[in-house]
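Undergrad: Have a look at this fold, sequence not included:
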């Protein structure tokens with residue numbers, strides 16, 4: 001585990017600081033104030049930026065990463081697939097079975113008048129229930145932590161944790177989640193990904209298979225090599 005933590009420290013250290021600061025805010029601030037601090041600071045630029053950017057936390061983006069890793073090593077595509085399955089299943093269990101009655105901001109504030117006006121971005125469909133935890137945040141923190149492990153230049157971890165945090169921020173900005181929802185989603189995604197990697201990587205190392213080193217060949221590779229020859 002220590003080796004894994006060292007390999008991903010450029011992601012985990014900034015995340016730990018963010019987690020501590022945001023946790024302090026959540027413990028000392030009512031949920032509606034934390035929500036409106038994000039949702040209330042809106043601009044037309046952020047509306048146009050966050051509407052598509054929030055899809056980084058969609059499962060489709062994770063699937064695209066998995067498919068891309070097939071061109072690197074089947075081993076890493078398999079590892080990412082397992083991480084995706086574990087984190088997604090955990091988030092859905094939380095949403096569908098444990099915290100089913102947690103309303104999303106749009107419904108919560110519609111049923112509790114007296115709060116400031118909600119900022120709703122045009123074209124974004126408003127969810128109503130199953131707010132906790134944020135699945136997009138779970139997915140984003142999982143996939144970007146995994147990418148930090150895979151890249152050679154670990155300085156990318158700072159960029160990856162920023163992208164993950166922006167994805168979580170977008171969920172509150174777009175009136176899809178409360179701050180505690182994305183906080184929990186980030187913990188779920190990061191924690192379960194670390195746990196999965198801690199178990200899975202040693203297992204694969206101890207049970208080597210030929211397909212671990214396989215990879216898909218990019219179109220045109222053979223043609224280029226023949227031309228070079």
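TA: Nice, thanks for sending it over. What you are looking at is a predicted structure, and each value in this text was computed from that prediction instead of being measured.
Undergrad: Give me the buried positions along the strand or helix carrying residue 68.
TA: Using DSSP states H and E, residue 68 maps to helix 59-69. Buried residues in helix 59-69, counting neighbours by 16 or more other C-beta atoms under 10 Å, are found at 59, 61, 62, 65, 66, 69. Placement of C-beta: from N, CA and C, glycine included.
Undergrad: I'd say the fifth one and residue 84 touch.
TA: Yes - in this structure, residue 66 sits in contact with residue 84. The criterion is C-beta atoms under 8 Å, and the distance is 6.6 Å.
Undergrad: and the closest residue to residue 80 other than its chain neighbours, how far is that from residue 156?
TA: Spatial nearest neighbour of residue 80, excluding adjacent residues (C-beta to C-beta, 6 or more residues apart in numbering): residue 66 at 4.9 Å. Computed as C-beta to C-beta, to the nearest Å, the residue 66 to residue 156 distance reads 18 Å.
Undergrad: again with residue 58
TA: 21 Å.
Undergrad: what's the pLDDT at residue 228?
TA: pLDDT recorded at residue 228 is 43.
Undergrad: Helix, strand, or coil at residue 127?
TA: Following DSSP: H, G, I helix; E, B strand; the rest coil, we place residue 127 in the coil state.
Undergrad: Once you drop chain neighbours, what's closest to it?
TA: Using C-beta to C-beta, 6+ apart, the closest residue to residue 127 is residue 104 (4.5 Å).
Undergrad: Near the one you found, how many other residues are there?
TA: Neighbour count of residue 104, defined by other C-beta atoms under 10 Å: 20.
Undergrad: Would you confirm that it contacts residue 171?
TA: No - between residue 104 and residue 171 no contact is recorded; they are 9.8 Å apart, counting by C-beta under 8 Å.
Undergrad: which residues are in contact with both of those two?
TA: residue 177 (C-beta atoms under 8 Å, 6 or more residues apart in numbering).
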